[in-house]
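got a predicted structure here, sequence first:
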Amino acid sequence: MSLARSFLYVPGDRPDRLLKAFASAADAVIVDLEDAVKHGSKPAARETVREIAADRPGSAELWVRINSGDEGLVDLQALDGMTHIDGIVLAKCESTAWLDRVVDVVRHDVALSPLIETARALRDLDQVAAHPRVSRCHLGEVDLMADLGGRLPAGRGLLDAARVSLVVASAAAGIDPPVGGVHLELDDLDGLGASSATLADLGFGGRAIVHPSHCPAVNRSFTPSDAELAWAADVLARWSSTAAGALRAADGSMIDEAVVRRARRLS
C-alpha cells in the first residue's frame, strides 16, 4: 500500500519548480502535463519528465499526470520505458476502455491512478476502481463540480456524496484509500488543515496540493496521532493474547474483529 499523503502538482514546463518540489516535504510530486502546461510547451514538459526520471533529485515518489484522449496517448508514448516513474495520474479517466488503452501503450508495470472528475467517471466508478492496474483513485473536485453543475458552498452535499462514493468504491476494489482534491485558498492554512482532517475522517488517504507550504498540514492530517497509535497497539496486544471473540480495551470500549481491522490499518 502506498504511504503517500501529500501529492504536490508542478507544471511540467517549470523545471525550477520541480527542484523545489522535490526539496519540500511532499510525499509525492506529480509532474503535470495537462492543465498547467500550454499546448506548445507540452513537448518540452515531456522531456523534463524524462530528465527528472533519469536523475530524481529527491526521495519523493514521482508521478506524472497525462492528458486525456489523443494528447494523452502522445504523453504515454513519451513515458514508455521510463521505469523510474512511480505512477501515472490519468486526467478525466471515465472508463475501463481507456485504462485498457493506457495499459496497451505503457508496457511496464507502473501504477495507474484515474482522476475522477466527470459525471461519467462517477457513474462508472466501481468498474474503474476495480480495474486490475488501478492502484489508487484521485478526486478532481473542481472539475467534477463544474461537470455536475453544482455550486459551492451550498452544493457541498453533492461533493460529499462523490467523496463517499469514491471511498466506498476504493474499499470494495481493495485498492489504496483515495486522494482528495486541492484546497484552492493558498494562504488559508487553517482551512487546509480542517478540510484535510475531514477527508481523513471520511476515509481518504491523502490529498493533492499545489503549493509546498501545504505539505506539513496535509501530512499531519493523514498521519495517525500518538494517541491513535497507542490505542491501536493496545487493541492488537489484547486481541493477540486471547481467543475470546470480544474484549474490552484500556479506554473501556469493546474490541471485536472490526475494531482490530481498524487498529491494523493504523499501526
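Great, that's in hand. Source: prediction; values computed, not measured.

contacts for the lengthiest helix in the chain, please.
As assigned by DSSP state H, the longest helix anywhere in the chain is helix 156-173. Residues from elsewhere that reach helix 156-173 (Cβ atoms under 8 Å, 6 or more residues apart in numbering): 116, 122, 125-126, 128-130, 134, 136-137, 139, 141, 144-145, 148, 150, 152, 176-178, 180, 199, 202-204. Heads up, the C-betas are built off the backbone N, CA and C, glycines and all.

ok, then the element right after it?
As assigned by DSSP states H and E, the chain's next helix or strand after helix 156-173 is strand 179-180.

list the buried residues for the helix or strand that that next one is followed by?
Using DSSP H and E, the helix or strand that follows strand 179-180 in sequence is helix 189-202. For helix 189-202, the neighbour count (16 or more other Cβ atoms under 10 Å) marks 192-193, 195-196, 199-200 as buried.

and which of those is nearest to L247?
Nearest to L247 among those, counting by Cβ to Cβ, is A200 at 26.4 Å.

does the closest one touch P224 like I think?
No - if you go by Cβ atoms under 8 Å, A200 and P224 don't touch, sitting 9.5 Å apart.

still on that earlier bit, now render the buried residues of helix 189-202 as a markdown table, adding pLDDT and distance to W98.
Listed next are the buried residues of helix 189-202 as a markdown table, based on pLDDT from 0 to 100; distance: Cβ to Cβ, whole Å:
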| residue | pLDDT | distance to W98 |
| --- | --- | --- |
| L192 | 98 | 32 |
| G193 | 98 | 35 |
| S195 | 97 | 30 |
| S196 | 98 | 29 |
| L199 | 98 | 26 |
| A200 | 97 | 29 |
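
helix or strand for T48, just tell me which one.
Secondary structure (DSSP H and E) places T48 in helix 42-54.
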